[in-house]
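Undergrad: quick one: sequence plus predicted model below, questions after.
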Amino acid sequence: MNPPTLQQWVFSLKTLTAALLALFISLWIPLPNPYWSVATVYIASNPLSGATRSKAIFRVLGTLLGASAAVIILPNLANAPVLSVIALALWSSACLYLAMLDRTPRSYVFMLAGYTAALVGFPTVNAPSTIFDVALARTEEIIVGILCAADVSSIIFPRSVAPAIYDRLKGWLADADTSAADALRMKTGADADTHRLKLAGDTGEIENLATHLIYDAAGHPEFIRRIREVHPRMLMLIPVLDAISDRLLALKQIRGPSANTRHLVNRFAEWLQHQESKGARGLDELRGEITAAIDLRRARQSWLGLVELSLLMRLSDLAAIRADCLEVVRSVYLESAAPLRPLTYTLAGSAASVHHRDHGLALLSAVVSFATITIACMFWIQSSWPEGGAAVMMAAVSGNLFSAQDNPVPSIVVFAKWAVVAVFISAAYVFLILPNVHNFETLSIALTPTLILFGLCISKAETLLVGLSLAINFAAMVGLQQTFNVDAASFLNNAIAMSCGVIAA
């Protein structure tokens, strides 16, 4: 694994600053459970400032909605704990279903509304009279963490989303050229499929990043417009490449393309290989030759002529899409607000970007969430376990967090393993370090090395899940509050409850 970069160190130190600020404010107010503010900072933080702000806005809305739902459900079913549990499970499952159907950052509102109700409701099922105070405190703690994360991210070395999108666009162009070369050479097999899948993944990632642009401090209105214009053309590239492969295969099965068509195909492949030296002018010249060849072939009515004509038209589409993308990337790199030259690949007037909504997967995830919460609650009620509510809470949260994945089990297993590691780290703090801490300054010094490590893990995509598990579970297990109180039995019960909740999920 590569050592952390400067940007990753900066992100970790910024997150540490936000976490300590949130802890200080929560202790100063004071709030009942300041550790929720610390955990929220690490959940909401993102290396990109615009993404942190968008996440913060939707997290606040989701928290308010979920806490309100818990306040409405619990008092009205105060005399029927079983019905209270079922109602909370239905609410959480319904919110998860809606979150999975919304393919934008707004889905975070529904996700948070679902498991915030679990965070607030399940620990108070046996004491419904306290629900309003608990909901208010939990909402305040989470909002303090969100505001600290958003403010620190925006003020201290803010990192715009725009450069990240530019880097992704450059990566997409490289992947597009690789896939185009595969199509022109009629390359098939696992490597070609991998290149095509990576191209599709890059396209989706660029769209997801672009949704955060509106929350960037700089705004980037022109940049947003350019991404919206070019993204449908990026989506069209894969079917165009498939069509080129099909036409070349059909021509090969007849008697092969004519010399002129084969020359154009080879010219295009050569441009893809040496585009740095040939540039946009070389592509424009190639497009002119393809257009002339199309005009020449239109008079041919033979099957071979029609197939060649179709191939040339798809080559023209590929060249137009490639030129449009090149123009957008160039203008973004130059940070020019000047109008783009007209994009050459024409989209149908009625064409619209419609996201696929997998109702089956969303319904399955909702049913699994409901079953997980219900089974955990049954065990809690039957065993009269004092900390059973915490187990149900963790089952709901961990199940919802990873439900969008086709197979969430591996991610939940990783989350569970590092939750156990967090328990041991927390035990070292609770029983060895914190008894020697007597003020906020020494508490900050004691927490700093561990929190920096968690931030570095979150800053890397490959260790993001590890960092989140460590940060969330560490904050919950240490239980930073106004008064430090060592209780080995309570600590062990909480550790078992949190582990059992994740295992249940």
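TA: That came in fine, so what should we check first? Because the structure is predicted, anything quoted here is derived from the model rather than measured.
Undergrad: on the three-state scheme, Leu197 is what?
TA: helix (DSSP: H, G, I helix; E, B strand; the rest coil).
Undergrad: for it, give its distance to Thr178.
TA: 12 Å (CB to CB, to the nearest Å). No exception for glycine: its C-beta is placed from N, CA and C like everyone else's.
Undergrad: the more surrounded of the two?
TA: With neighbours defined as other CB atoms under 10 Å, Leu197 and Thr178 compare such that Thr178 has more, 18 against 13.
Undergrad: tell me the contacts of the more buried one?
TA: 195, 199 (CB atoms under 8 Å, 6 or more residues apart in numbering).
Undergrad: hmm, try it at 10 Å
TA: By CB atoms under 10 Å, 6 or more residues apart in numbering, the contact set of Thr178 is 187, 191-192, 194-196, 198-199, 272.
Undergrad: Arg196 too?
TA: Applying CB under 10 Å, 6+ apart to Arg196 gives the contacts 175, 178-179, 182-183, 237-238, 241-242.
Undergrad: now, which of those residues lie within helices?
TA: Residues of the contacts of Arg196 located in helices (DSSP state H): 175, 178-179, 182-183, 237-238, 241-242.
Undergrad: would you mind checking those for buried ones?
TA: Those of the ones in helices among the contacts of Arg196 that meet the buried threshold are 175, 178-179, 182-183, 237-238, 241, by 16 or more other CB atoms under 10 Å.
Undergrad: now distance to Ile72 and pLDDT too, for these, in CSV please.
TA: Output for these, formatted as CSV (distance: CB to CB, whole Å; pLDDT from 0 to 100):
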residue, distance to Ile72, pLDDT
Asp175, 49, 84
Thr178, 54, 85
Ser179, 52, 86
Asp182, 56, 84
Ala183, 56, 85
Leu237, 49, 84
Ile238, 47, 85
Leu241, 52, 87
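Undergrad: which among those residues gets closest to Asn266?
TA: Nearest to Asn266, judged by CB to CB, of these is Ala183 at 13.3 Å.
Undergrad: do you know how far that closest one is from Gln8?
TA: From Ala183 to Gln8 the distance is 37 Å (CB to CB).
Undergrad: now stretch 377-394 - C-alpha only, CSV.
TA: Output of stretch 377-394 as CSV, limited to C-alpha atoms (Å, rounded to 0.1, in the frame of the first residue of the first chain):
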residue,chain,number,x,y,z
CYS,A,377,-35.8,-7.4,18.4
MET,A,378,-37.3,-10.9,19.1
PHE,A,379,-34.0,-12.0,20.6
TRP,A,380,-33.8,-8.8,22.6
ILE,A,381,-37.3,-9.1,24.0
GLN,A,382,-37.1,-12.8,24.7
SER,A,383,-33.7,-12.5,26.5
SER,A,384,-34.5,-9.3,28.3
TRP,A,385,-31.0,-8.1,27.5
PRO,A,386,-30.5,-4.6,28.8
GLU,A,387,-28.3,-3.6,25.9
GLY,A,388,-30.4,-5.3,23.3
GLY,A,389,-31.6,-2.0,21.9
ALA,A,390,-28.0,-1.1,20.9
ALA,A,391,-27.7,-4.4,19.0
VAL,A,392,-30.9,-3.7,17.1
MET,A,393,-29.7,-0.2,16.4
MET,A,394,-26.4,-1.5,14.9
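Undergrad: and that stretch, how far out from the chain middle?
TA: Distance, stretch centre to chain centre, for stretch 377-394: 31 Å (CA atoms, centre = their mean, to the nearest Å).
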